[in-house]
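> The sequence isn't on hand, but the structure is:
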């Protein structure tokens, strides 16, 4: 019984890693599509999101089955409840990658953002990809040094996100309102993606250490 | 033992209702502050959000204790897992009410939105308040007729949210980029709030009927 239980716990952990890897693929492709106004790649990201949703539901059902059949306690119980929460964050990250792809599709064949913001958004995308990859690695290795790396990347994202808003508020911003709307949404999508990544990292940290880090501890 | 267990389940249910009522208060006051550029009320909403966060953590801890100590199965287990998910959605609704209050504070003593959009945002706010109140009522009564009402309100919100974007894309939109950014964010906050309300309603519906409604069933 105990052996079956450990195998089930292990499978839930593997399931999270699989979803996280798909989320990493989604944000990588969404960023490529976004940067290059690449409709084909955007469509692929949009289509692939259903798989992430499916895997999340499947993992949640398995987690609930384990709760029902094994009645886990202590750290095993926290691990399963933590998995339910992390799967929700990962699913949301998949949605945000899809939103970025949808913006790309909406404005195709044009770019979503003006040339003046290309490098800022390339950096936002790069940092989100770093976060997604490190989250996958963290779920696999539980190496808590990665938590600090993820928080540091998010801190850089916050600065870039603010700088986008400053750029739009400056007197020399001459873009159309439609572009302003798109830039606002795109910047927020990249920022939210990173935020959910931090949220997953905090949960892993909690499961490993048993201590809940206050939100500002990781986002300074 | 069984009696204690039922009392604990009941308390978790009451805890959700309490959080939902506070979320209703938050969106009502945030909407008032937003409409009237009322700094004092905005500050109250921002300060009160910590209480919602605290109650969510407290409820989640109690739910995990019940899982550990009672090892519930079947519908009781689903109810507890459902509570963990609903508390997360309610907490997020509280955050969005706070974001609306923060925008109000940021632009004080000015209005966040231009006069031309006053009535649209008043309607968005009214619908979010309807959703929050009906979610609280639904958590209490489990009357599934309310789920349809909530979905209908969200459907109206979606139309208004789209109309805000059309307004900003129209040639006669002459507002500053800063205002365009604010309107984009505010409209999205009101829309996301309603979306999380629908999400809570779907979970209640699932707990009562045992059947998961596809997302589009409720949002037509």
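Good, I have the coordinates. Keep in mind that what you see is a predicted model, and the values were worked out from it rather than measured.
> which parts of stretch A:145-153 are buried?
Within stretch A:145-153, the residues that count as buried by 16 or more other Cβ atoms under 10 Å in any protein chain shown are A:146-147, A:149-153. All C-beta spots, glycine's among them, are computed from the backbone N, C-alpha and C.
> which residues are contacting that stretch?
Stretch A:145-153 is contacted by residues A:127, A:130-131, A:134-135, A:137-138, A:194, A:197-198, A:201-202, A:204-205, A:218-220 when judged by Cβ atoms under 8 Å, 6 or more residues apart in numbering or on different chains.
> In ChimeraX, select just the buried ones from these.
Burial among the contacts of stretch A:145-153 is assessed by 16+ other Cβ under 10 Å; the matching ChimeraX selection reads:
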select /A:127,130,131,134,135,137,138,194,197,198,201,202,204,205,218
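> Where does the prediction get shaky in chain A?
A:1, A:212-220 (pLDDT under 70).
> how about the helices of it, start to end?
Listed in chain order, the helices of chain A (DSSP state H) span A:2-36, A:39-70, A:74-107, A:118-141, A:145-169, A:177-209, A:215-218.
> Helix B:177-209 and the fifth one, what's the angle between them?
Note on geometry: by axes from the mean of the first three to the mean of the last three Cα atoms, to 10 degrees, helix A:145-169 and helix B:177-209 are set 130 degrees apart in direction.
> now the second one
An angle of 40 degrees separates the directions of helix A:39-70 and helix B:177-209 when computed by the same axes, to 10 degrees.
> how about the residues of chain A near chain B?
Within chain A, the positions near chain B by Cβ under 8 Å from any Cβ of the partner chain are A:64, A:67-68, A:71, A:73-74, A:77-78, A:81, A:84-85, A:88, A:165, A:168-169, A:173, A:175, A:177-178, A:180-181, A:184-185, A:188.
> Please indicate which of those residues are buried?
A:64, A:67-68, A:71, A:77-78, A:81, A:84-85, A:88, A:165, A:168, A:173, A:175, A:177, A:180-181, A:184-185, A:188.
> residue in chain A nearest to chain B?
Nearest to chain B in chain A, going by Cβ to the nearest Cβ, is residue A:71, at a distance of 3.5 Å.
> There's contact between that residue and residue B:69 in this structure, I believe.
No: contact between residue A:71 and residue B:69 fails when scored by Cβ atoms under 8 Å: they sit 10.0 Å apart.
> Geometric centre of chain A: which residue is closest?
residue A:93 (3.6 Å; Cα atoms, centre = their mean).
> ok, it to residue B:195 distance?
Per Cβ to Cβ, to the nearest Å, residue A:93 is found 17 Å from residue B:195.
> Residue A:27 too?
The gap separating residue A:27 from residue B:195 is 21 Å, by Cβ to Cβ.
> With neighbour numbers in mind, choose between these two.
residue A:27 (30 against 20; other Cβ atoms under 10 Å in any protein chain shown).
> Let me see the contact set for the more buried one.
Here residue A:27 is in contact with A:93, A:96-97, A:100, A:125, A:128-129, A:132, A:193 (Cβ under 8 Å, 6+ apart).
> Also residue A:100?
A:27, A:30-31, A:33-34, A:45, A:186, A:189-190.
> Swap in 6 Å and give it another go.
A:30, A:34, A:189 (Cβ atoms under 6 Å, 6 or more residues apart in numbering or on different chains).
> do the same with residue A:158
If a contact means Cβ under 6 Å, 6+ apart, then residue A:158 has no contacts.
> measure it to residue A:194 for me?
8 Å.
> Same check on residue A:165?
16 Å.
> returning to what we had before: surely the residue nearest to the centre of chain A meets residue A:23?
Yes: here residue A:93 lies in contact with residue A:23, judged by Cβ atoms under 6 Å, at a distance of 4.8 Å.
> quick one: residue A:143 and residue A:204, what's the gap?
Relative to residue A:204, residue A:143 is positioned 10 Å away (Cβ to Cβ).
> backbone phi and psi for residue A:111, please?
phi -80, psi 150 (degrees, to the nearest 10).
> got a list of what it touches?
residue A:37.
> Likewise for residue A:184?
Per Cβ under 6 Å, 6+ apart, neighbours of residue A:184: B:181, B:184.
> what does the one 5 residues further on give?
The neighbourhood of residue A:189, defined by Cβ under 6 Å, 6+ apart, consists of A:96, A:99-100.
> Looking at these, spot the one nearest residue B:110.
residue A:99 (29.6 Å; Cβ to Cβ).
> what's the closest non-adjacent residue to the closest one?
residue A:189 (4.9 Å; Cβ to Cβ, 6 or more residues apart in numbering or on different chains).
> Residue A:104 too?
residue A:42 is the one closest to residue A:104 (Cβ to Cβ, 6+ apart), at 4.2 Å.
> before we move on, what about residue A:90?
Nearest to residue A:90 is residue A:19, by Cβ to Cβ, 6+ apart, at 4.9 Å.
> pretty sure that neighbour is touching residue A:89, no?
No: proximity of residue A:19 to residue A:89 does not meet the contact threshold set by Cβ under 6 Å, at 10.0 Å.
> The two - which one has more neighbours?
Each of residue A:19 and residue A:89 has its neighbours counted (other Cβ under 10 Å); residue A:19 has more, 26 against 23.
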